[in-house]
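Colleague: what's the 3D shape of this:
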Amino acid sequence: MTASTTLGNPSFATAVAGNGTAARLSLMVAGVLLLTLSAKTQIPWQPVPMTMQTYVILVVAMSYGTRLAGATVAAYLALGALAIRYGDSALDLMRTRGRVIAIWVAVIIVAAALGWWLLKRLSRARS
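Modeller: Modelled structure (predicted):
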């Protein structure tokens, strides 16, 4: 099974689903749906409940690789910014400024960087 990524090593997702555009698009849709479900899954932690979103972002980043992970998280945030409803809440972009947008950008960078780092470690382990 061969699939190429930015570093020449297959990520888990492209090795399983293939390297075509349709395969990457379906992986992106699956990642967005997983992020949506994880936002609704809460761990009752006091004083603020914790969602599983951070965990799913890390899993997507480690499974998808640099570009696909960054694109998946960016697509999820773009859908939220366009006020497409996720369950019972909608994101109003006109109210979100400054720090919230900086956090969005940071999450995309973290997902892409973790995917890049993992692929770099895999390429070093194989050589």
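Colleague: Tally up the residues packed near residue 80, please.
Modeller: By other Cβ atoms under 10 Å, the residues close to residue 80 number 22. For every residue, glycine as well, the C-beta is placed using N, CA and C.
Colleague: cool, residue 107 as well?
Modeller: Every residue meeting other Cβ under 10 Å relative to residue 107 is counted, giving 19.
Colleague: cool, and residue 63?
Modeller: Count around residue 63 with other Cβ under 10 Å applied: 20.
Colleague: can you pull out the strands in the chain?
Modeller: 42-43, 50-51 (DSSP state E).
Colleague: Those: which one's closest to residue 21?
Modeller: For those, proximity to residue 21 was assessed by Cβ to Cβ; strand 50-51 is nearest, at 31.0 Å.
Colleague: so what strands line up beside that closest one?
Modeller: Strand pairing for strand 50-51, determined by DSSP bridges: strand 42-43 (antiparallel).
Colleague: Most tightly packed of the strands of the chain?
Modeller: Most buried of the strands of the chain, by mean neighbour count (mean count of other Cβ atoms under 10 Å): strand 50-51, with a mean of 13.
Colleague: Just the pLDDT at the nearest residue to residue 43 once chain neighbours are set aside, thanks.
Modeller: Once flanking residues are discounted, residue 43 sits nearest to residue 50: 4.7 Å by Cβ to Cβ, 6 or more residues apart in numbering. Per-residue pLDDT puts residue 50 at 82.
Colleague: before we move on, back to that, quick check: which of the strands of the chain is nearest to residue 59?
Modeller: Across the strands of the chain, closest to residue 59 is strand 50-51 (Cβ to Cβ), at 13.8 Å.
Colleague: Report the central residue of this protein.
Modeller: The centre of the chain sits closest to residue 73, judged by Cα atoms, centre = their mean, with a distance of 3.7 Å.
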